[in-house]
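Novice: Model the following, please.
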Amino acid sequence: RARAARASLPLLLLLPSASSAALPPALPPPWARGGRLHGLLLREAAERGRLVSGSSSSSPDSKPLPRVSEQPLDHFSAGGDAGNATIPIRYWVDASCYAPGGPVFVTMGGEAEASPSACGPRAEAHKALVLSVEHRFYGRSHPRAPEPLAEAFLRFLAVEQNLADTDAILRAVREEFGAGPGFAFGGSYSGATCAWFRTAYPSAVAGCISESGVVNAILNFTAFDAHVRSAVGSPDPSCQRALLNAMAALDRAFASGSGKAASVKSLFKGDNLIGTANGDTDFMYAVADGVAMLDQYGRKAELCASLSSLPSNPSDDERIANLQSLIEEYYGADFVSGCFYDSECIRNATSGQDVGVGNRQWRWQKCTQLAYLQAAPEEEPVRSRLLTLGALDAQCRYMFGGVGPNTTGINSKFGGDHPKGSRIFFINYSDDPWLKASVLSQTGPDLPVCMTTCDGCGHCGAGVPPEIGKACEGKADKFIAKWLQDA
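Specialist: Coordinates of the predicted model:
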């Protein structure tokens, strides 16, 4: 049974805020924010009314300060080898629109450094307290040790431990403020933890709004690539064919010998991936991500425009150069060479600046519990055929000393795409390549699903015109009101 929270006084620095008034903005991961894509998504979020970069309905003087709660390093094995060790978990409370007895809107932590969520229209309508909890091992919520990301500590980075942290902090905050029931919100991985939190701790939160929530931990996730291929084929099938040809050109270059492969890596500024144990897998994963994230974040039109700029009957070298230019423009010159796509770096990043970014931590979670290993399908992949399940599994085992992914436990516990919880509202988007890892149809009376469909409707609502997204968000408002009333 989880041990009680031990809260401490507020400390540390204030970070930019996001909003739990609506669902949070869809932004690329920290390692993909060096180019045009990040700016495009920030502007889109502002237009949709999703508060980012310090915006808030409250005045600057009333922005929440970070607090720290000392949580057990291991909630579930009292007297185990973790002993009485603790881990500091950061959280923020915005009471600017709270009325005593009102609910607590909980923004679930995700796979990166957290920001404080602020009161907005939804919280104001319910006179809610707004609580943001940083996920253990991300941001500054990591063990106080010279190497906080060593495997001796990372074994305590698990979904269940994070949920127990959140429950303990929510209980302490409710007691401090005399607040009513909680209600959880999240998108992508935190959309999954939102659903799992409602399942594991149904008395803590009255419900969950899970946007693009990846609750189905899939080992051999070939459907990810297949969905990208399908999405880029609409409305212009020539875009799909151009992407297939580009990836085939890349595979031919690597098949021609190590010298050509090295020159291609150098073109992408990935010299650090030349001659390493998993360099080819690392490189192809980076390129595949660079393509897929444009579809994922509602920017397949930009992807297709770049591919269409090629001359008629382009050579393999021209196709490869076009891919390199695309990736540098949208993610920055250091995208391929960054730590996230370098198995050597991940293997050794046990301390230092990578603590806050989430490179090693997220790869650990994928390589142990969650997988989502995006292998190339057999038929017409739009990623390299070198990205087999075997290659991706070997990458995991190399980075983490023989540890490989096992999704059986998490899916058995929470139900995968047939959730075992209730009062969870799943919002999904038609072009999102993560779609098959979510819940696509209602599987129970209190597990409603809403799909937003359009060309460019991406992950967590990226690329969705405001007038199209209103339908599902309106339904979310109704479920929030109903489930809080029923609590």
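Novice: Low-confidence regions, this structure specifically.
Specialist: Along the chain, segments meeting pLDDT under 70 span 1-25, 49-62, 79, 352-354.
Novice: And the strands in it?
Specialist: 6-7, 18-19, 66-72, 86-94, 104-107, 117-118, 129-133, 182-187, 205-211, 424-429, 449-452 (DSSP state E).
Novice: And the top helix by length along the chain, how far out from the chain middle?
Specialist: Looking across the chain with DSSP state H, the single longest helix is helix 466-486. Distance of helix 466-486 from the chain centroid (CA atoms, centre = their mean, to the nearest Å) equals 23 Å.
Novice: same question, stretch 276-289
Specialist: Distance, centroid of stretch 276-289 to centroid of chain: 20 Å (CA atoms, centre = their mean).
Novice: Stretch 36-46 too?
Specialist: Relative to its chain's centre, stretch 36-46 lies at 17 Å (CA atoms, centre = their mean).
Novice: Same question for stretch 164-180.
Specialist: Distance, centroid of stretch 164-180 to centroid of chain: 25 Å (CA atoms, centre = their mean).
Novice: Ok, stretch 415-422 next?
Specialist: Distance, stretch centre to chain centre, for stretch 415-422: 19 Å (CA atoms, centre = their mean).
Novice: same question, stretch 355-368
Specialist: 11 Å.
Novice: Please identify which of the strands of the chain is closest to Cys396.
Specialist: In terms of CB to CB, the element of the strands of the chain nearest to Cys396 is strand 86-94, at 23.8 Å. For the C-beta atoms, the positions are set from N, CA and C on the backbone; glycine is no exception.
Novice: Which other helices and strands does the closest one contact?
Specialist: Applying 3 or more CB pairs under 8 Å, 6 or more residues apart in numbering; DSSP states H and E, one finds that strand 86-94 contacts strand 66-72, strand 117-118, strand 129-133, helix 159-177.
Novice: Repeat the analysis, applying 10 Å as the threshold.
Specialist: strand 6-7, strand 66-72, strand 104-107, strand 117-118, strand 129-133, helix 159-177 (3 or more CB pairs under 10 Å, 6 or more residues apart in numbering; DSSP states H and E).
Novice: so which of those gets nearest Ala292?
Specialist: Of all those, helix 159-177 sits nearest to Ala292, with 23.9 Å by CB to CB.
Novice: If you compare the directions of that closest one and strand 205-211, what angle comes out?
Specialist: Our comparison of helix 159-177 with strand 205-211, counting by axes from the mean of the first three to the mean of the last three CA atoms, to 10 degrees, yields an angle of 130 degrees.
Novice: Now do the buried residues in helix 159-177.
Specialist: 159-174, 177 (16 or more other CB atoms under 10 Å).
Novice: I'd guessed Arg229 sits against Glu380; true?
Specialist: Yes - with contacts counted by CB atoms under 10 Å, Arg229 reaches Glu380, the gap being 6.3 Å.
Novice: Could you say which one of the strands of the chain comes nearest to Ala32?
Specialist: Closest to Ala32 of these, according to CB to CB: strand 182-187, at 16.2 Å.
Novice: quick revisit: can you pull the buried residues of the longest helix of the chain?
Specialist: Applying 16+ other CB under 10 Å to helix 466-486 flags 468-469, 472-473, 475-476, 479-480, 483-484 as buried.
Novice: Out of the strands of the chain, which is closest to Asp295?
Specialist: strand 424-429 (10.9 Å).
Novice: just to revisit the earlier point, as a markdown table, the helices and strands packed on strand 86-94 with distance to Gly356 would be great.
Specialist: Shown next, in a markdown table, are the helices and strands packed on strand 86-94 (distance: least, CB to CB, whole Å):
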| stretch | distance to Gly356 |
| --- | --- |
| strand 6-7 | 22 |
| strand 66-72 | 13 |
| strand 104-107 | 18 |
| strand 117-118 | 18 |
| strand 129-133 | 16 |
| helix 159-177 | 17 |
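Novice: Tell me which of the ones you listed approaches Asp446 most closely.
Specialist: strand 104-107 (18.5 Å).
Novice: Which strands and helices lie in contact with that closest one?
Specialist: Packing partners of strand 104-107 (3+ CB pairs under 10 Å, 6+ apart): strand 86-94, strand 117-118, helix 121-126, strand 129-133, helix 159-177, strand 182-187, helix 189-200, strand 205-211.
Novice: how about the CA coordinates for that strand, as PDB?
Specialist: Once non-C-alpha atoms are left out, strand 104-107 reads as follows in PDB (Å, rounded to 0.1, in the frame of the first residue of the first chain):
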ATOM      1  CA  VAL A 104      -9.100  19.900  -8.000                       C
ATOM      2  CA  PHE A 105      -8.300  19.800 -11.700                       C
ATOM      3  CA  VAL A 106      -5.100  17.700 -11.900                       C
ATOM      4  CA  THR A 107      -2.700  18.100 -14.800                       C
END
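Novice: In its sheet, which strands sit next to it, and in what direction?
Specialist: For strand 104-107, the paired strands and their directions (DSSP bridges) read strand 129-133 (parallel), strand 182-187 (parallel).
Novice: In a markdown table: these, plus distance to Ser351.
Specialist: Supplementary listing: the strands paired with strand 104-107 in a markdown table, determined by distance: least, CB to CB, whole Å:
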| stretch | distance to Ser351 |
| --- | --- |
| strand 129-133 | 24 |
| strand 182-187 | 28 |
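Novice: who are the neighbours in contact with the closest residue to Thr453 other than its chain neighbours?
Specialist: Spatial nearest neighbour of Thr453, chain neighbours left out: Ser430 (4.2 Å); criterion: CB to CB, 6 or more residues apart in numbering. Applying CB atoms under 10 Å, 6 or more residues apart in numbering to Ser430 gives the contacts 227, 230-231, 234, 451-458, 464.
Novice: go with 7 Å
Specialist: When contacts are counted by CB atoms under 7 Å, 6 or more residues apart in numbering, Ser430 is found next to 451-454, 457.
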